[in-house]
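1. Here's a sequence, model it:
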Amino acid sequence: GFDWDGCLASVEEYDPSTGEWREITPMRTKRRGCAAAVLGGKLYVMGGCDGHNDLSSVEVYDPATQQWTLLNDMTTPRSHCAAVSLEGRIVVAGGYNGYHNGGERLSSCEVY
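-> Numbering: from 1, shown residues only. Got it, this is the predicted structure:
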């Protein structure tokens, strides 16, 4: 996400049993316009924009350790994309490359 000061690394977790939100460990990379998916009980966040450039970085949050770990980058930097977990993998689709510079719309997918 972002606020008027720029991109954010903060993450909040919702507990449906209490109806409350709480802040958890921030991501390693500030980003907005990213995609996220859950696989194997872990939260994967990929792509987005740092306010100047689209990102190819991927990180995973493990609630057991409350830590974020950087993973291998996607092949293509992309923001405003979609992600879904499917058959034990994560599929990232579409988005933009060069969103802030009038870049291209992406029709490609990546599988992690």
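
2. give me the low-pLDDT residue ranges for this protein?
-> Low-confidence segments of the chain (pLDDT under 70): 1-5, 99-101.

3. Helices of that one, residue ranges please.
-> For the chain, helices defined by DSSP state H do not occur.

4. and the residue nearest the centre of it, what is it in contact with?
-> Nearest to the mean C-alpha position of the chain, by CA atoms, centre = their mean, lies V45 at 2.7 Å. Counting by CB atoms under 8 Å, 6 or more residues apart in numbering, V45 touches M27, R31, C34, A35, A36, V58, E59, V60, Y61. Bear in mind the C-beta positions are built from the backbone N, C-alpha and C, glycine included.

5. Could you give the number of residues near the residue lying closest to it once chain neighbours are set aside?
-> Leaving aside its sequence neighbours, V45 sits nearest to A36 (CB to CB, 6 or more residues apart in numbering; 4.8 Å). A total of 15 residues lie near A36 under the criterion other CB atoms under 10 Å.

6. show me the contacts for A36.
-> A36 neighbours (CB under 8 Å, 6+ apart): L43, Y44, V45, M46, A83.

7. redo that, cut-off 7 Å
-> L43, Y44, V45, A83 (CB atoms under 7 Å, 6 or more residues apart in numbering).

8. Now tabulate those in TSV and tack on distance to G94.
-> TSV is the format used below for the contacts of A36 (distance: CB to CB, whole Å):
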residue	distance to G94
L43	20
Y44	17
V45	16
A83	10
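
9. Out of those, which two sit at the greatest distance?
-> Farthest-apart pair in those is L43 and A83; separation 10.8 Å (CB to CB).

10. M27 is in contact with W68, correct?
-> Yes. If you go by CB atoms under 7 Å, W68 and M27 touch, sitting 5.5 Å apart.

11. what touches both of the two?
-> Shared contacts of W68 and M27 (CB under 7 Å, 6+ apart): E59.

12. returning to what we had before: next one: the residue nearest to V45 from L55, what distance?
-> From A36 over to L55 the distance is 13 Å, taken as CB to CB, to the nearest Å.
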